[in-house]
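**Q** got a sequence here, can you model it:
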Amino acid sequence: MRRHAAGLLLGLALAGAAGAQGHAAHGAPRAARPQLGSSVAFAPDGRLWLVGVDAQGQLFVQTAPAPALQSWSAPRRLDTAGDVVAADGENRPKLAFGPQGQVVVSYTQPRARPYTGWIRLLRSTDGGQTFAAPHTVHADRQEITHRFESIAFDGQGVLHTVWIDKRDLESAPRVERKSSYRGAAIYRNESRDGGLTFGPDHKLADHSCECCRIALARGDDGRLRAMWRHVYEPNVRDHALAVLGTHAAPVRATYDGWQVDGCPHHGPGLAPAHDGGWHTVWFGIRRSGDEDVAAVRYARLDADGSPRAPSVRVLPDEAAEHADVLADGLRVAVVWRSVAGARSTLKAWLSADGGQTFTLRELAQLSGDNDHPRLAQHAGRMVVVWRNPQEVQVHELRF
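**A** Residues are numbered from 1 along each chain as shown. So this is what the prediction gives:
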C-alpha cells in the first residue's frame, strides 16, 4: 500500500490531533478505546519495568524479573492524587532510573481546555517501593500546552525534562499567531536532586511540531541529545537535534522537505552509535516519480546531529509506523508496527555491523488495539515490548 503524503496523511494527522482528546475531527464523540500508551525501561538490577494506565484510567507500574521477562508482576497502582493521566499514542507516561536508587515517573495531566496539560512527576528514593505525591515539573502554570514530555538522567545524575510548550504562541499578537508563529516550542528544565526540585524553564527552540514525541539519548560524553519534529520556514516539518545543557544551536537532522499543515503524530527515535554518531528513525516523505510517498526512514547522523550521506534508507515495509531504534555496540535494532486493517504485525530490522546491513524479522501478529512497540536493553540484553489489552508481550532480540 502506497501512502501519499498529501491528502490522506493530512486528514489522518488532523483527525488524530482531535482524536487524542477523545473526539472526532468535527467534535462528535468517538468510540471509547483503551489507552495503551506505555513506557518500558530496565532497572539497574535487571528487572524490566512498564508504566501505563489500566482500564479504569489509573496509573500503574509492573515489573518482570531478569531471568523470566514474560513473568510480569501484578500491576501496582500509583497514587496520582486524583489526576487524570494521558496515555494515548505518543503522549504517554514515562519512567527513568537515577544513579542513587531514584525512580521517577512522569505523565501529562490534561487540563480543562482542549489540548492543554501540565507535566507531573512521581518520585521514589527507595528503588520504587514507595512514591511521593505528584508535583508539577515546569514553573509556568498557564492552562496551555505543556505536553509530550520526555525524561532522562544524564551521565552526571542530572534529571532532564523536555516538552512541547505553547506559551510563546499564546503570548504572540493574535495576527502573528496565525501568520508567523509556526507550531509550538520545545522547553526543558533540570533537576539536580533526582526530581525533588526543578530549575527554571528554558526554551530550547521555537517552532516545533505540536504532537510528536521527543526522542532523548545519552552520548558517550554523558550529555543528552533531544531530537524532535521541527517546523522550518515556511512550513516544512523535518527534524532537529540539540545537546542539552549547552548553548549550541539545534542542528537540522533530516531534509525531507515535507510541507504539511498538520502534525503527523509520529515522533523520531534516536540511539547512540559505536563511533560517536547516532542512529535515527523517523516518519516522513520520499520522492517516488512525480509524487511524495510517506515512509519510515532509518539513517546515520554525525556526532553533531547532521545527516551522514548516503545513509538514509526506507524501512522494508510500506505500512511501517511508530518505529523505535536502539543500539548496543555494533548491534542495532529497529522495530515497528505494521497495520493492515484490524491486523497488526510487530517487525524488527536487525543489524550486527553497525547499521551497514539489516535482516528483517516478523516477531508477532495480533488483531485489535495495541500500543506502539518499545525497545529496552540491559547488560547486553535487548528486548521489544508490545502491549495490548490482554497482555504485555516481551520479545528478546537475537542477532
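
**Q** residue 330 is in contact with residue 352, correct?
**A** Yes - in this structure, residue 352 is within contact of residue 330 by CB atoms under 8 Å, at 6.1 Å. Yep, even glycine has a C-beta here, placed from its N, CA and C like the rest.

**Q** any idea which element the residue nearest to residue 317 when sequence neighbours are not counted lies in?
**A** Excluding its sequence neighbours, the residue lying closest to residue 317 (CB to CB, 6 or more residues apart in numbering) is residue 338, at 5.2 Å. For residue 338, the host element (DSSP states H and E) is strand 331-340.

**Q** neighbouring strands for that strand, and are they parallel or not?
**A** strand 320-328 (antiparallel), strand 343-351 (antiparallel) (DSSP bridges).

**Q** how about that strand: buried residues?
**A** Across strand 331-340, burial judged by 16 or more other CB atoms under 10 Å covers 331, 332, 333, 334, 335, 336, 337, 338.

**Q** average pLDDT for it?
**A** The pLDDT scores in strand 331-340 average 97.

**Q** as a check, name the ranges of all strands in the stretch 251-399 of the chain.
**A** Remark: strands assigned in the stretch 251-399 of the chain by DSSP state E, counting those that start in this stretch are 251-252, 269-272, 278-288, 291-301, 313-314, 320-328, 331-340, 343-351, 359-367, 374-378, 381-387, 392-396.

**Q** looking at those strands, which is nearest to residue 170?
**A** With CB to CB, the closest approach to residue 170 among the strands of the stretch 251-399 of the chain belongs to strand 251-252: 26.4 Å.

**Q** hmm, who's touching the closest one?
**A** In this structure, residues lying in contact with strand 251-252 by CB atoms under 8 Å, 6 or more residues apart in numbering are 230, 232, 238, 239, 240, 241, 242, 304, 305, 306.

**Q** 10 Å instead, please
**A** Strand 251-252 has contacts (CB atoms under 10 Å, 6 or more residues apart in numbering) with 225, 227, 230, 232, 236, 238-243, 301-302, 304-307.

**Q** identify the contacts common to residue 352 and residue 330.
**A** The contact lists of residue 352 and residue 330 share residue 399, where a contact means CB under 10 Å, 6+ apart.

**Q** the residue nearest to residue 317 contacts residue 347, correct?
**A** Yes - contact between residue 338 and residue 347 holds when scored by CB atoms under 10 Å: they sit 5.6 Å apart.
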